[in-house]
Each structure stands twice: as structure tokens, then as C-alpha cells.
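Colleague: output the structure for:
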Amino acid sequence: MATPVSQEDIEKIAIELQKKFLEEYKDNKDGCFDDRDVQRVRTCLPYVRKFVQHKMGNAEAAYEMMVEALKWRKSFGLHELSFDKIETWCFQTGVGIPHGEDRDGNRIIVLNLRKHKRDAKRLPQLKKFLIFCMETHARRYPDKKTTLIFDVSECGLSNVDMDLVKFLINSFKFYFPYMLGYILVFEMPWMMQAAWRIIKSWLSEGGVNKIKFVTKSDITDYVSPSELMVQFGGDDPYVYDFDSEYETLRSECDEVWERDPLTSYEDEEEESLKQVRFAPHQPPTRQSRYGSEEEDCDRHQSLDNQLIKGSAISPGYRRRQVHRLISSQVQQPHERAMSLPSMSQIWTEENTDNLLLISPHDELVFSGRSGEELLCTVNLTNTTNNVVAYKIKTTAPSRYKVRPNINLLDGKSKASVQVKLISGSSELVSQDKFLIQAYQFEEGTPIPDSAQLPNFWKTLSSNKSVEEYRLKCCYILEPAKAVKQTSLSSDKDQRIAVLQAKVDHLVYTIRRLHRTVNQFWYISIAILVLLILLILF
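Modeller: Model prediction:
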């Protein structure tokens, strides 16, 4: 079981790896890297951080992956790719279609495997096409992951291209760090089960957990119906049409590739910071991408007034300085006692424009024994006289159940939201975050009902009037007795858990029986073939 790594530790490791790389390869004398990638490492710490996150805080493995990934980018000629260098048929077939977002905010790429036929001559061009799509996503959405929907419905063995699938998985595994959200395999035919068992062997343990086999009945657990195309049972009527979309796609891709990816990353980040309002008393959690440690030291003397007035360069900058001031207070309490502002002075300056008061305001604490389902309650208070809609998202939707995650709050009213941590997920809690979005309906504005809220939130994706509040997560291991006293489970819950275990065992037994029947079927065919041969010869 991996030990959770805090965001502060990840940030420190990323800074160390950035420094180490620039010391070893500053001048790129051997020419094994593209100079543009060296420049990315030099000026874009978030890019380095992705390697650390991908390797779960393992500094040595992250550094090795980063070096090999940058070498691969040079050898593959990634920076030399462009829309015009990808053959038209790659776009025309509709094998890969970027469209929509899943419930976690990951961008979706639909891979229609039934439209692909295995062809060794076309494989090199298809690889370039896929890498072009992935790099376009990385530049256009630097803060978002990618969810792949493999549409294998109606697929036969001729559609299965193991070399192409292996290349795609290895690209996410080795060259595009911390970018894969989920792999949703849609309506897989039974004859392809053996192929997917081989594909699973190419993935790490964490990667295997990201593979979800879905049908029309349960794919909406990962993608809301409003974002899901009709072919998957959703409500989105979008159908890819090459003739009408080719030129638009060309202009969008050219615009992304012509921009400096480093500048676009920081610009988009600054824009997102403008749209985020932190909950009252909540220290910002976003890591700073502005300024250096030397600049931090230069500003240290005038920091107290900057914090109170809110004039520090960025939220991440202010947070680092607060931690530094707290450390100074611990080391030199008498020298700093008069000059250091208290935490209440810094964070109790409530913004009267906030739509919601949130409790807890900065961190969700799950306490109990490992392996249990744990509950945490989030209390929301509408500070306005108007109706406010709210939506709750998490970076790990597979580990939590939020009820309700979308709802309405009348003026000056309160609501409680139950957040349940699924059993067996406690070791990863410290890496998770929650995002609470709020939108106020002005007087006279039509208010959607609960069934219309998912579609309503889709229209607000780029609305600057949407407020956002971010909460971290924390897990506290408690002794068995303490958990027993505070446990919220009832006899009914226990009976449900026992029933669920029996259902899981039944499903497992049915799957084993299904495999046995398949094996018997193959053996029967083999015996029949042998009998025919014996009769003929």
C-alpha cells in the first residue's frame, strides 16, 4: 500500500527535479532533447510536477520518466507535427473524436474501434495522429486529464489492433504524465475478453483500476447524459461530420500549436484563478506558479501588510508565505510575537460577495478504521435572498458518493450534503480535493427543476459569475473502540453490506462459469475438427 504524499512534498520534489535536470542538461550539449522541451522544464514547474504526481511522489522514478519522455519526444519528432502533416484519412474515418467531458471534468476522446481495420502500412500514420491529438489536448487543456471511451460494440477480431492499443497505452504510461483519467470500454463482445486480458498486463496496478467496462445502463456513472453522445445512450445529439468540421478543426489545432504552450499554460491558470473564490477562512490551496524563492525572500519583510490587504502576487504565493511565517513564529516566538498577524486576522476577512458559507471551510476529515465506509457532512448556507444552485465535484469520483451533488438552495436557507468515502480508499484521501460551484439566480430569472439542473450546469461551464470553493481531504486513523462509538452504520447497513458481498460472490461465480463454458466450446470445436480430419483421411 503506497503512502500518501502531500501536495507540499510533491511541490518540493518537483523543484528538486527541475533543478537537477537543469544542472545536468542545461546546455543540451548532446542534443538528445528538443530545446523547446528543455525550455518547458526550465520555465514550467507544473509540467515537472506532473511526473512526480504520476509516480506517486517517487522522486527517482519521476526523474527517470521525465528524462526518457523528453528523449522520446525528440526522437519521435513531436514538435515537428502539425495538422497538415497528418494524412486526411485519419480525420475522415472518425476513429478518434475529441468531444465532451466526464463527471470528473476530464476531456473525452472517443475511439471508434469498429471503424478501424488492422493495417500495418497505416499504423505509423495512425500513431502520429494519436500523438498529435494527445499533445493538442496537453497544450489546450493543461490542467485536465483525458478519458478514453473505447467503443468496441459490434467489433470483430479484424478490428482489434494490439500494436496500436499498446502504443496508445504506453504513451500515457511513459510519455504523457498524469494525463489519463479513465479507460471506458463500451459494450465489449465476449470474443474480445482474451485481448483485454493481455492489454491489462501492459498497465500498472493504478492503470488497471482506471479501466471500466461499461454499457448503456452504467456509463452514465462516469459521464453525465448531457455530455454523452446518443450512440452511448446519452442525450448529446452530436455526430461527427468530417466535411463540415474539417476546416474548423484545422483552425483550432493550428491556433493551439502556434501558441507557446508554456505561456498558454500560465495564462489559463491565471484566468482560472480570477474565477475562484475561496470559502471564508479558507487558505488557498493552489500551488504558486509565480515568482521564485529568491523573490519570496525579498518580499518577506513587507509580507504582513500584503497578506492583510490581499496584495500578495498570487494565492499560492500567499499560502507559502503564511507557512513560512508560522514556522518563524515557532522558531522565534518572542521576536515575532508582536509583528506576526494571527491566522484569524489573515483569513477572517470575509467577502460579503460570497454566495455560500461552507462548513467545514477548508478540509473534509474522514476518521475511522482503514477499509470502512466513512461519512463526512458538508453544511452549506445561502447568504443571499435569492435562490442559489450548487454543484459538487471531486478529483476522485470513484472513491466518493456525494448526495446530493447538485441541488438548489432557497434564500437564507441551509442544506447538508453527505460525502461517503468508499471502503478501501483511505490511503489515497490526502491527494483528493472537492470543488463546490455556486450560481445565484437573479429575481425574475426562470429557475430549472432538479431534472433540468445537469443540463443547466453545462451551459454555465464558462460563466464568470459561477463561484468556486475548493476543499482538501484528510484521513485520520482511529482506534477500533473510538470508531465503534462514533460509527453511523446501522443493522440495516450491515445487512445491505452482507447482501452486497453475496451478490459480488455470485457475479464472480457466474464469470467463472462463463469462462468455463467458453473453454468447453473451444475444446468441442477442436474435437469436432479432429473427428472430421480422421474421417477424411
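
Colleague: show me what the longest strand along the chain is packed up against.
Modeller: In terms of residue count, the longest strand belonging to the chain (DSSP state E) is strand 467-477. Counting contacts by 3 or more Cβ pairs under 8 Å, 6 or more residues apart in numbering; DSSP states H and E, strand 467-477 is packed against strand 356-359, strand 363-368, strand 433-440. The way it works is simple: take the backbone N, C-alpha and C, and place the C-beta from them, glycine included.

Colleague: and it, which strands flank it?
Modeller: Paired neighbours of strand 467-477 in the sheet (DSSP bridges): strand 363-368 (parallel), strand 433-440 (antiparallel).

Colleague: relative to the whole chain's centre, how far out is the next helix or strand after the last one?
Modeller: What that stands for is strand 433-440. If you walk from strand 433-440 toward the C-terminus, the next helix or strand you reach (DSSP states H and E) is helix 453-459. For helix 453-459, the distance between its averaged C-alpha position and the chain's averaged C-alpha position is 20 Å (Cα atoms, centre = their mean, to the nearest Å).

Colleague: for helix 453-459, buried residues please.
Modeller: Counting neighbours by 16 or more other Cβ atoms under 10 Å, one finds that the buried residues in helix 453-459 are 453-454, 456-457.

Colleague: burial check on Pro225, number of neighbours?
Modeller: For Pro225, the tally of surrounding residues (other Cβ atoms under 10 Å) stands at 15.

Colleague: where does the stretch 301-450 of the chain dip in pLDDT?
Modeller: Counting by pLDDT under 70, the stretch 301-450 of the chain contains low-confidence ranges at 301-353, 370-371, 424-427.

Colleague: which parts of it are helices?
Modeller: 303-309, 315-331, 333-336, 343-347 (DSSP state H, counting those that start in this stretch).

Colleague: tally up the residues packed near the closest residue to Phe172 other than its chain neighbours, please.
Modeller: Closest residue to Phe172 in three dimensions, ignoring its sequence neighbours and counting by Cβ to Cβ, 6 or more residues apart in numbering: Leu180, at 4.3 Å. Using other Cβ under 10 Å, Leu180 has 22 neighbouring residues.

Colleague: beta partners of Leu180?
Modeller: For Leu180, the residues forming beta bridges with it (DSSP bridges) are Thr146.

Colleague: who's in contact with it?
Modeller: For Leu180, the contacting residues are 145-146, 148, 172, 207, 210, by Cβ atoms under 8 Å, 6 or more residues apart in numbering.

Colleague: only C-alpha atoms, please: export the helix or strand that contains Trp196 in CSV.
Modeller: Using DSSP H and E, Trp196 maps to helix 193-201. Listed in CSV are the C-alpha atoms of helix 193-201, where the atom choice follows Å, rounded to 0.1, in the frame of the first residue of the first chain:
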residue,chain,number,x,y,z
GLN,A,193,-12.1,-10.7,-23.5
ALA,A,194,-8.8,-12.5,-24.1
ALA,A,195,-7.4,-9.5,-25.9
TRP,A,196,-8.3,-7.2,-23.0
ARG,A,197,-6.6,-9.6,-20.5
ILE,A,198,-3.4,-9.0,-22.5
ILE,A,199,-4.0,-5.3,-22.6
LYS,A,200,-4.4,-5.2,-18.8
SER,A,201,-1.0,-6.8,-18.4
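
Colleague: tell me what it is packed against?
Modeller: Packed against helix 193-201 by the contact rule (3+ Cβ pairs under 8 Å, 6+ apart) you find helix 162-170.

Colleague: remind me what the helix it packs on packs against, helices and strands.
Modeller: With contacts defined as 3+ Cβ pairs under 8 Å, 6+ apart, the packing partners of helix 162-170 are helix 123-140, helix 193-201.

Colleague: show me how far that helix is from its chain's centre.
Modeller: For helix 162-170, the distance between its averaged C-alpha position and the chain's averaged C-alpha position is 21 Å (Cα atoms, centre = their mean).

Colleague: quick one: that helix to helix 123-140, angle?
Modeller: Relative orientation of helix 162-170 versus helix 123-140 (axes from the mean of the first three to the mean of the last three Cα atoms, to 10 degrees): 20 degrees.

Colleague: quick one, helix 162-170 and helix 193-201 angle?
Modeller: Orientation note: helix 162-170 sits at an angle of 30 degrees relative to helix 193-201 (the same axes, to 10 degrees).

Colleague: which residue ranges of the stretch 1-150 of the chain form helices?
Modeller: In the stretch 1-150 of the chain, the segments counted as helices under DSSP H, counting those that start in this stretch are 7-25, 35-43, 45-54, 59-76, 88-92, 123-140.

Colleague: got it, and the stretch 151-300 of the chain?
Modeller: Residue ranges of the helices in the stretch 151-300 of the chain, as given by DSSP H, counting those that start in this stretch, are 162-170, 193-201, 205-209, 242-258, 261-274, 293-298.
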